[in-house]
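Participant: output the structure for:
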Amino acid sequence: MATIPYHDMVHQQTTLELEPKDLFDYSKRSQWLRAAVLGANDGLISTASLMMGVGAVKRDMKAMILTGFAGLVAGACSMAIREFVSVYSQLDIEVAQIKRDINRRDIVEAEVNSLPNPWQAAAASALAFSLGAIVPLLAASFIKPYRVRILVVAVAVTIALAVFGWLGAALGRAPAVKSTIRVVVGGWMAMAITYGLTMLIGAKGLH
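Facilitator: Modelled structure (predicted):
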């Protein structure tokens, strides 16, 4: 009867012990990573686009700041509510499925406790959105010259988009360059479209 060398047995055992743990860690991390990265990117892009749109037709710094602040508050609330409803719905479905599984009643409580928390997901999403939205607000808060203010906001947002793209790729072990380029280009497109369309409508005049 063939025997397996001792070091191979140890290697196989170690691999089997580590793989479920790694998979579990990445699964848990992805839940928070998704909420955090999406929230920060949404906050950054939507708030910057709103400020750029208003800046296209109104050069007043106060108008841009108020628009950005309103976008921050509204967006953070929207993200929190959306994440809460989404995670709570998922939680209800998973809890119902676990309770229907008669053969696993002994681990129902443990599995339920390990499921995503809707309140935590909502808070994380709102916080991430707010952190992203603060970037263009801070960039525009202390610069009165219109052209310089627009440029500074665009540069600050670009840097933040690159950081968020790289961070999301690093935590998710995805290609960093491709992820960063996608995030930055997407942000530029959103700001450019909002700026251009708002300027076009403003040029036509609304009465």
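
Participant: which strand or helix spans the most centrally placed residue in the chain?
Facilitator: Centroid-nearest residue in the chain, with Cα atoms, centre = their mean: L38, separated by 1.7 Å. Assigned by DSSP states H and E, L38 belongs to helix 6-57.

Participant: average pLDDT for stretch 125-145?
Facilitator: What stretch 125-145 shows for mean pLDDT is 90.

Participant: contact partners of that stretch?
Facilitator: Applying Cβ atoms under 8 Å, 6 or more residues apart in numbering, the contact partners of stretch 125-145 are 35-48, 51, 61, 64-65, 68-69, 71-72, 75-77, 79-80, 82-83, 149, 152-153, 155-157, 160, 164. Placement of C-beta: from N, CA and C, glycine included.

Participant: give me the buried subset of those.
Facilitator: Listed as buried from the contacts of stretch 125-145 are 35-48, 51, 61, 64-65, 68-69, 71-72, 75-76, 79-80, 83, 149, 152-153, 156-157, 160, 164; burial here means 16 or more other Cβ atoms under 10 Å.

Participant: ok, then the element right after the helix or strand hosting S130?
Facilitator: For S130, the element it lies in under DSSP H and E is helix 118-141. Remark: after helix 118-141, the chain's next helix or strand is helix 146-172, criterion DSSP H and E.

Participant: for the helix or strand following that next one, list every residue counted as buried.
Facilitator: Using DSSP H and E, the next helix or strand after helix 146-172 towards the C-terminus is helix 176-204. Residues of helix 176-204 classed as buried by neighbour count (16+ other Cβ under 10 Å): 179-180, 183-184, 187, 190-191, 194-195, 198.
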